[in-house]
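Q: sequence first, then the predicted structure:
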Amino acid sequence: MPELPDLEQIKEVLNRRLGGKGVERVEVLRPLVLRCLQEQLLSGIEGNLLQSVKRRGKFILFSFETGTLVFHPMLSGRFQLAQRGERLKYRTCLRLGFAGGQELRYFDPRFMGRIYWVQDDDFSGIPQYPALGPDALDQSLSLELFKANLRHFRGMIKNVLTNQRFLAGIGNAYADEILFTARISPLRKRSTLSLEEIKSLYQAIGSVLTEAIEILKEKVGEKIEVEERGFFRVHRGGGGPCPVCGTILTEVSPNRQITTFCRHCQR
Ligand SMILES: [Zn+2]
């Protein structure tokens with residue numbers, strides 16, 4: 001599932017490669033993922049200039065003068081840069097053709113992602129979007145504000161971290177990496193965290209996500225359809241040794257999502 005670092009890297013590549021270019025043609029191959037009228041999408045994009053690509057939490061936004069094309073890739077949606085004529089990936093849903101035969105494609109093997117067309121900057125019709133908390137890498141999110149926001153959320157700290165109303169952009173995988181770096185057990189109740197632990201958590205969010213973006217830039221590069229996870233320190237590494245202390249990592253799956261952590265390092 002693409003999370004903040006994946007989408008940030010994709011955004012950077014797409015801005016560089018496609019920003020300021022005109023969309024010559026649009027083809028909807030699988031309307032199932034559309035949450036707008038196909039005609040609206042086509043008339044809004046075809047023949048128009050892609051101004052810029054932005055990211056908010058786990059949403060990717062393509063700005064046109066006529067409106068905004070919004071992708072929420074959810075669990076399995078991915079982007080791909082290809083040349084016209086290149087073989088389509090399994091379940092390619094949408095492709096935008098640019099000058100010179102360059103194509104941006106969106107494919108989604110499980111059809112779980114959603115595509116919206118927004119006009120007049122009215123994002124109120126997109127589920128989850130209006131309630132998003134600050135972006136997890138928002139520069140204006142101070143430790144004080146982070147602490148104050150945290151007080152509004154209850155329950156296990158991992159669930160709080162992945163709650164998009166608290167912070168936008170963190171999902172199941174990066175939450176494990178962040179909690180490992182902060183040395184906090186994912187099963188701890190938010191209300192039991194000390195001020196020192198909250199500070200560690202705040203710092204770990206910044207360092208883990210920023211480092212991941214740098215790694216992805218290098219490892220993924222322009223092959224944005226690839227989901228690179230090989231550099232994770234704990235997530236899905238259950239049964240293997242902790243990279244810090246060597247203790248066998250614990251894996252549990254509350255709410256059907258895999259959580260991996262070190263019982264020795266994380267308290
Ligand atoms: Zn350990």
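A: Nice, thanks for sending it over. Numbers count the residues shown, from 1 in each chain.

Q: how about the residues of the protein near the ion?
A: Within reach of the ion by Cβ under 5 Å from the ion, the chain has these residues: 242, 244-245, 247, 262, 264-265. All C-beta atoms are positioned from the backbone trio N, CA, C, and that covers glycine.

Q: now the buried members of those residues.
A: The neighbour-count test (16 or more other Cβ atoms under 10 Å) marks 242, 262, 265 as buried among the residues of the chain next to the ion.

Q: please convert those to CSV, extending it with secondary structure.
A: Formatted as CSV, those follow (DSSP: H, G, I helix; E, B strand; the rest coil):
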residue, secondary structure
242, coil
262, coil
265, coil
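
Q: now those in CSV, with pLDDT?
A: Below are these laid out as CSV (pLDDT from 0 to 100):
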residue, pLDDT
242, 98
262, 98
265, 98
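
Q: columns distance to residue 25 on top of these, output as a markdown table?
A: Putting those into a markdown table (distance: Cβ to Cβ, whole Å) gives the following:
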| residue | distance to residue 25 |
| --- | --- |
| 242 | 51 |
| 262 | 51 |
| 265 | 53 |
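
Q: for the residues you listed, which one is nearest residue 60?
A: residue 262 (33.1 Å; Cβ to Cβ).

Q: and the contacts of the helix of greatest length in the chain?
A: Counting residues, the longest helix found in the chain (DSSP state H) is helix 195-219. For helix 195-219, the surrounding residues in contact (Cβ atoms under 8 Å, 6 or more residues apart in numbering) are 4-6, 8-9, 12, 136-137, 143, 146-147, 150, 157, 161, 167, 169-170, 174, 177-179, 181-184, 193, 228, 230-231.

Q: list buried residues within those residues.
A: Applying 16+ other Cβ under 10 Å to these flags 4-6, 8-9, 12, 136-137, 146, 150, 157, 161, 167, 169-170, 174, 177-179, 181-184, 193, 228 as buried.

Q: looking at those residues, which are in strands?
A: Using DSSP state E, no member of these falls in strands.

Q: state the next helix or strand along the chain beyond the longest helix of the chain.
A: strand 250-252 (DSSP states H and E).
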